[in-house]
Structure formats: C-alpha cells, structure tokens
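In: The following comprises the amino acid sequence and a computationally predicted model.
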Amino acid sequence: MPVDTENDLPDWKPSPQVGESDMSGDKGVDPDDNAPGGEQPLFRPHAFALKQGDGGADIAYGQFMWRFDVLQFNYTDLGSGIGVVNTGVGQPRAIKGWETVVPNLKEHDGAAMSASPAPNKFHSLDAYGDVYLYWYVDSDEADFVTKCWVQVGDVATADLPVVAVGSSDHDRLGIISAGLSPGAANAYYRIKIGNVPDPSLNTDIVQNLSSDVYWPTLIMIRDLA
C-alpha cells in the first residue's frame, strides 16, 4: 500500500541537451541551457585515445614511464673443496622514482607528441592499421630507455637475454661495475595500443590500451671475487 507523506518532491528539471561536437574545443555548455542543440562540453581524451583521421589513425597524447632496480650478488671461491659461496647481496643503485618519456610520432626520431592544453588534441600517424607503442632499451646507458615512439605497423622486437644460473661475473646492467664481465645488451619492446581501420572497411576502432604505460623492471648483476 502507498505510504502517505507530507514531504514535497523537488521540482523536476530537464537535463541539458548536448548536440554533436564540433571538435573545436572552444565552446562549453551552460547547465541551465535546455534549448535544443546545446554545445558539446570540453573534454580531454584518455591517454593514447585513437580515432579515424584524415588519411590515417589519429592518437591522443600519452606518456611512457619506466624505472628499474638493481640487485648485486657477490660470490667468493673458498677453494679446498668448499667451492663458491654467496658472501653478500646489495643494491648498488639508489631506488629511484619514475622516469617519464613523451613518445615520438611515427618513428623513433620523429617529432614528439604535444601536451597541448587544448582539448580534443590528436596527432596524425598518416596510416591506418595496428597502432603500437615501442621503446628501446640500452642497458649500457644511464638513461636505459633511450627511444620511445608510436607508429602504425609491426616491427621486430627483441627481449633482454636471459642470464644462466651460476656464480660467474656478469654485469647485467653495464653501468654499475665496470670491472665485471660484460653482459649488457639492447632490446626493443612494444605494446599494442589498438587498431584504427580504414573508414571504407566500415569496421569499429579497437582500443586495447587506454592509459599511460608503466614499465618497471629488476636488473641483476654478479661479482665473483
């Protein structure tokens, strides 16, 4: 049965009507304006947002953030049938915060993405298809991640090589203990952002990634005294 109440309900008020966006980014919306064709509110796309542009995929601004920690294992050969024993573990590199990289466009030495304050800012990649974020690691350089870019199309990648279990000298990083046996290497990594099809195919955009990219890793080095 209905419940009697003396409380007055608030007056109903229609929501603002929002029309098609003109993508100019210079008009706001008046919350009290309920006339047909109200303007599109300002907005900023999420990181690496994709859309179909004029002649290729368009991509919004995003960032690549990386950091690494280092563990060093020291070994000593005691001989006399005892053999090699672990004599210490340490962190020869300070624990640091995130390094932020703004990706370049279309190739590793292309123009950097612009962190424009204007809403709806997109960058053209001049081709349709799969969109990837790539980064290049040089473990013999202090910057570690030395290149980062977004492009349409797949290119070869290579991981940092494995380190076999053992106790022999191995400078995994290459910039901490110069006296160790070299083990530093280069590598290419990637992550798929999505797919922007040619409009003539009449298929949907696929957005696989919708945030900035974070890449933390751990590096190991060994020292046999």
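Out: Thanks, I have the structure now. Residues are numbered from 1 along each chain as shown.

In: Poorly predicted segments of the protein, please.
Out: For the chain, the stretches flagged by pLDDT under 70 are 1-43, 117-119, 174-184.

In: do that again at 90, thanks
Out: 1-45, 68, 70-72, 77-87, 91-96, 114-121, 137-144, 146, 154-187, 218-225 (pLDDT under 90).

In: Which stretches in it count as strands?
Out: 50-52, 57-60, 64-77, 84-90, 99-101, 104-105, 122-124, 129-138, 145-152, 186-196, 206-207, 213-224 (DSSP state E).

In: and the angle from the longest one to strand 129-138?
Out: Right, the one you point to is strand 64-77. Relative orientation of strand 64-77 versus strand 129-138 (axes from the mean of the first three to the mean of the last three C-alpha atoms, to 10 degrees): 40 degrees.

In: and strand 64-77, what does it pack onto?
Out: strand 84-90, strand 99-101, strand 129-138, strand 145-152, strand 213-224 (3 or more C-beta pairs under 8 Å, 6 or more residues apart in numbering; DSSP states H and E). Every residue, glycine included, has its C-beta placed from N, CA and C.

In: Which of these sits closest to residue 113?
Out: strand 145-152 (7.7 Å; C-beta to C-beta).

In: Pull out the buried residues from that closest one.
Out: 145, 147, 148, 149, 150, 151, 152 (16 or more other C-beta atoms under 10 Å).

In: Closest one of those residues to residue 62?
Out: Of all the buried residues of strand 145-152, residue 62 sits closest to residue 150, with 7.9 Å by C-beta to C-beta.

In: any idea how far the closest one is from residue 107?
Out: Residue 150 sits 10 Å away from residue 107, going by C-beta to C-beta, to the nearest Å.

In: go on, residue 99?
Out: The value you get for residue 99 to residue 107, if C-beta to C-beta is used, is 21 Å.

In: Ok, residue 76 next?
Out: Counting by C-beta to C-beta, the gap from residue 76 to residue 107 is 48 Å.

In: can you check residue 156 too?
Out: According to C-beta to C-beta, residue 156 and residue 107 sit 15 Å apart.

In: just checking, residue 112 touches residue 106?
Out: No. Counting by C-beta atoms under 8 Å, residue 112 sits too far from residue 106 to count as a contact (11.2 Å).

In: Who has more neighbours out of those two?
Out: Remark: of residue 112 and residue 106, residue 106 carries more neighbours, 18 against 14, as counted by other C-beta atoms under 10 Å.

In: isn't residue 133 right up against residue 64?
Out: Yes. Assessed by C-beta under 8 Å, residue 133 is found in contact with residue 64 at 6.6 Å.

In: Common neighbours of the two, please.
Out: 103, 148, 213 (C-beta atoms under 8 Å, 6 or more residues apart in numbering).

In: OK, contacts around residue 213?
Out: 62, 63, 64, 65, 133, 191.

In: Could you give the bridge partners of it?
Out: With DSSP bridges as the criterion, residue 213 is bridged to residue 64.

In: still on that earlier bit, could you dump the contacts of residue 213 into CSV and include distance to residue 81 and neighbour count?
Out: As requested, these are exported to CSV (distance: C-beta to C-beta, whole Å; neighbours: other C-beta atoms under 10 Å):
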residue, distance to residue 81, neighbour count
62, 58, 22
63, 55, 18
64, 51, 23
65, 50, 15
133, 53, 20
191, 50, 14
